[in-house]
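S.K.: Predicted model, plus sequence, below.
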Amino acid sequence: FRIELGEIEYQLNRHPNISNSVVVVHESSGDKFLVAYLISFEKIDQENLRQYLLTLLPSYMIPQFYFQLDQLPLTANGKVDKNILLKMELGLQENSKPPQTFTESKLANIWSEVLKIDKTHIGTKSNFFSIGGHSLKATLLVDRIYNSMGVSIPLAEIFNSQTLSRLAMVVDQLVERDLSRTQDLILISEGRANDENIFFIHDGSGDIQGYTDLASRMKNLNCWGIKSEMLRSIEPQNRKIEDLAIDYIHKMKAVQPKGPYKILGWSTGGLIAFEMASQLEKLDECGNKLIIIDSAFPVRDQQTIPIDPFSLEGERTLLSKFSIFQMVGEKGEKPIDNINTLWSRVVSILKESKSTYQDIKKIIPPDIFSVMPNITQIEPYDFVVYLNTIRSLQHAVSTYQINDVQSSELNYIKATETPFSIGGLKERITSDIYLYEIDGNHFSIVKSPRVECLVELLYELLTSKSSCDLGYELGKG
């Protein structure tokens with residue numbers, strides 16, 4: 001993105017309490033930050049100023065740091081001396097103190113790692129989203145907090161408790177209440193103590209960030225997200241949908257030992273959620289409510305070509321097709337004898353080559369690229385992890401055979417603009433299927449503003465005793 005410093009300064013100077021401003025780009029530890037220096041006769045509320053700018057400028061042009069000065073440094077010619085401003089230490093924001101407690105100090109270290117800024121720039125009043133945070137980094141922050149502190153914090157709390165001190169209070173409360181139960185099971189949005197649970201199964205990326213808009217609007221429910229454990233591994237894995245379903249049932253039971261369960265899956269998550277319902281019935285745990293959102297199911301008699309199992313030879317062949325990776329395994333390097341080492345070498349090449357967004361996009365098939373997170377906002381290691389998790393899930397889907405569901409309530413929500421057919425599903429199961437449609441495409445129905453329609457429908461489904469009056473039942477055969 002092109003950042004126009006003059007446009008930022010123009011909008012700042014239009015603020016009624018600002019008489020002059022200068023915006024410069026500071027660089028620290030290899031990362032760049034926008035810093036605004038302000039002249040004002042009144043004290044400026046930095047969060048209010050940030051919200052003011054968001055109504056006038058795109059988010060990537062919002063400064064991360066704001067400092068009020070008595071006067072701007074000038075050169076001998078009377079111009080603003082930006083060299084002096086660039087030499088100034090960023091330090092802490094006004095009214096902010098260094099971390100005061102053990103939890104604040106631990107969180108400051110994690111913020112520093114996630115945001116790639118020096119810890120000395122982070123104080124008790126620092127706002128995560130004002131100093132470089134965004135939704136992808138919020139998801140990463142949740143993971144880092146769990147890995148470092150053993151606390152499973154709801155993703156929604158990162159948005160609700162944006163300052164270091166407030167987030168530290170939330171973490172301390174969660175530790176006291178011992179809400180951290182198991183890895184890859186994340187409380188996306190927390191209801192009240194006695195509210196029911198609903199379990200969101202990850203999509204084709206293996207992650208649950210696609211549910212952020214949806215879960216944040218689901219009140220009076222504890223919204224749990226189940227991520228793929230494959231996001232903790234760099235290489236592709238040969239897994240089956242059936243195996244994933246069993247693993248996720250165990251995670252679900254760590255929160256709710258007994259059913260009936262409410263399980264929701266969008267995209268690839270719908271297939272896994274369906275298989276979970278089937279596995280639960282084999283355990284004589286029936287009467288579950290299953291909600292599938294825009295998932296493609298195999299059609300009877302349609303020849304599905306399974307993806308070959310992942311192997312070292314196959315991965316070498318795949319990578320050899322791209323010139324950027326032809327250096328992998330050259331002479332002088334340590335021999336590559338496993339897939340993990342191979343893909344670790346790929347990460348090193350991506351880092352060394354400093355490949356651009358467009359370069360990487362060329363080597364990703366469209367069906368994988370469509371479910372990748374924004375690759376401009378993730379590091380080479382995370383890019384490879386997502387890439388191979390998606391490939392692993394595609395492999396699992398390609399080998400999946402639908403099992404019967406007899407007693408679970410099956411609700412299928414379809415986007416009007418996607419071509420998915422559930423003919424293969426209705427022909428193979430005993431349970432009734434209730435179909436609903438929402439205007440939009442596969443991705444827009446789970447994002448604002450279309451997600452509001454989905455939330456309204458889900459509330460009706462989750463609070464009604466029967467789906468008969470809400471959707472229409474599909475006949476068999």
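M.R.: Structure received.
S.K.: and the gap between Asp247 and Ala396?
M.R.: Distance, Asp247 to Ala396, using C-beta to C-beta, to the nearest Å: 12 Å. Glycine gets a C-beta too; all of them are placed from N, C-alpha and C.
S.K.: Looking at the two, which has the bigger crowd around it?
M.R.: Taking neighbours as other C-beta atoms under 10 Å, Asp247 and Ala396 compare with Ala396 leading, 23 against 17.
S.K.: so where does the more buried one fall, helix or strand?
M.R.: Using DSSP states H and E, Ala396 falls within helix 380-398.
S.K.: Can you point out the buried residues in that helix?
M.R.: For helix 380-398, the neighbour count (16 or more other C-beta atoms under 10 Å) marks 380-397 as buried.
S.K.: what about the closest residue to Ile363 other than its chain neighbours, neighbour count?
M.R.: Using C-beta to C-beta, 6 or more residues apart in numbering and skipping residues adjacent in sequence, the residue nearest Ile363 is Phe322, 5.0 Å away. When neighbours are defined as other C-beta under 10 Å, Phe322 has 13 of them.
S.K.: separation between Phe322 and Val371?
M.R.: For Phe322 relative to Val371 (C-beta to C-beta), the value is 20 Å.
S.K.: again with Lys282
M.R.: 30 Å.
S.K.: The two: who's more crowded?
M.R.: Shown here are Lys282 and Val371; by other C-beta under 10 Å, Val371 has more neighbours (21 against 9).
S.K.: mind checking which helix or strand that one is in?
M.R.: Going by DSSP H and E, Val371 is not in any helix or strand.
S.K.: show me the contacts for it.
M.R.: Listed by C-beta atoms under 8 Å, 6 or more residues apart in numbering, the contact partners of Val371 are Asp203, Gly204, Ser205, Ser267, Ile390.
S.K.: so which two of these are the farthest from each other?
M.R.: Ser267 and Ile390 (11.1 Å; C-beta to C-beta).
S.K.: Mind listing the shared neighbours of the two?
M.R.: Common neighbours of Ser267 and Ile390 (C-beta under 8 Å, 6+ apart) are Gly204, Val371.
S.K.: residue contacts, the residue lying closest to Ile198 once chain neighbours are set aside?
M.R.: Distances taken as C-beta to C-beta, 6+ apart place Lys262 nearest to Ile198, at 4.3 Å, with adjacent residues excluded. The contact partners of Lys262, by C-beta under 8 Å, 6+ apart, come to Glu196, Asn197, Ile198, Phe199, Asn288, Lys289, Ile291, Leu462.
S.K.: Also Ile110?
M.R.: Leu141, Arg144, Ile145, Ser148, Met149.
S.K.: Show me those that map onto helices.
M.R.: When the contacts of Ile110 are checked against helices (DSSP state H), the matches are Leu141, Arg144, Ile145, Ser148, Met149.
S.K.: Neighbour count, pLDDT and distance to Tyr66 for those - can I get that in CSV?
M.R.: What follows is the ones in helices among the contacts of Ile110, written out as CSV (neighbours: other C-beta atoms under 10 Å; pLDDT from 0 to 100; distance: C-beta to C-beta, whole Å):
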residue, neighbour count, pLDDT, distance to Tyr66
Leu141, 22, 92, 22
Arg144, 17, 89, 26
Ile145, 24, 89, 27
Ser148, 13, 79, 29
Met149, 17, 77, 30
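S.K.: Do you have the strands of the protein handy? List them.
M.R.: 20-28, 31-39, 65-68, 185-189, 196-201, 221-226, 262-266, 289-293, 409-415, 433-438, 472-473 (DSSP state E).
S.K.: right, so of those strands, which gets closest to Gly132?
M.R.: Nearest to Gly132, of these and by C-beta to C-beta, is strand 31-39 at 7.0 Å.
S.K.: tell me which residues of that closest one are tucked away?
M.R.: For strand 31-39, by 16+ other C-beta under 10 Å, it's Phe33, Leu34, Val35, Ala36, Tyr37, Leu38.
S.K.: What's opposite Glu27 in the beta bridge?
M.R.: Following DSSP bridges, Glu27 is listed with bridge partners Lys32.
S.K.: Could you report the neighbour count for it?
M.R.: Neighbours around Glu27, by other C-beta under 10 Å: 9.
S.K.: likewise Pro260?
M.R.: 16.
S.K.: Mind giving me the PyMOL command for buried ones among the contacts of Val371?
M.R.: To isolate the buried members of the contacts of Val371 in PyMOL, using 16+ other C-beta under 10 Å:
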select buried, resi 203+204+205+267+390
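S.K.: who's in contact with the nearest residue to Asn13 once chain neighbours are set aside?
M.R.: Distance criterion C-beta to C-beta, 6+ apart; nearest residue to Asn13, sequence neighbours excluded, is Ser21 at 5.7 Å. Ser21 makes contacts with Glu9, Leu12, Asn13, Ala36, Tyr37, Leu38, Ile39, as judged by C-beta under 8 Å, 6+ apart.
S.K.: can you pull up the bridge partners for Ser21?
M.R.: Leu38.
S.K.: Now do it, the pLDDT please.
M.R.: pLDDT, Ser21: 90.
S.K.: Check Lys106 too.
M.R.: 87.
S.K.: Number of residues surrounding it?
M.R.: 17.
S.K.: Nearest residue to it in space, please, no chain neighbours.
M.R.: Met149 (6.0 Å).
S.K.: Touching, that neighbour and Leu174? I think so.
M.R.: No - counting by C-beta atoms under 8 Å, Leu174 is not a contact partner of Met149; they are 9.5 Å apart.
S.K.: Spatially nearest residue to Ser165, not counting backbone neighbours?
M.R.: Thr124 (4.2 Å).
S.K.: Which residues are in contact with that neighbour?
M.R.: With C-beta under 8 Å, 6+ apart, Thr124 has these contacts: Ser96, Lys97, Pro98, Pro99, Gln100, Glu104, Thr163, Leu164, Ser165.
S.K.: The third one is in contact with Ser126, isn't it?
M.R.: The reference is to Pro98. No - between Pro98 and Ser126 there is no contact under C-beta under 8 Å: 10.3 Å.
S.K.: Among the two, which residue is more densely surrounded?
M.R.: Ser126 (24 against 13).
S.K.: Quick check: phi and psi on that one?
M.R.: phi -60, psi 140 (degrees, to the nearest 10).
S.K.: Can you give me the neighbour number for the closest residue to it other than its chain neighbours?
M.R.: Spatial nearest neighbour of Ser126, excluding adjacent residues (C-beta to C-beta, 6+ apart): Leu164 at 5.1 Å. Residues lying near Leu164 (other C-beta under 10 Å) number 26.
S.K.: How much space separates Leu164 from Leu174?
M.R.: From Leu164 to Leu174 the distance is 16 Å (C-beta to C-beta).
S.K.: Same question for Val397.
M.R.: 35 Å.
S.K.: Enumerate every residue touching the spatially closest residue to Gly269 that is not a sequence neighbour.
M.R.: Distances taken as C-beta to C-beta, 6+ apart place Ile201 nearest to Gly269, at 3.8 Å, with adjacent residues excluded. By C-beta under 8 Å, 6+ apart, the contact set of Ile201 is Ile226, Tyr248, Ile263, Leu264, Gly265, Gly269, Gly270, Ile272, Ala273, Met276.
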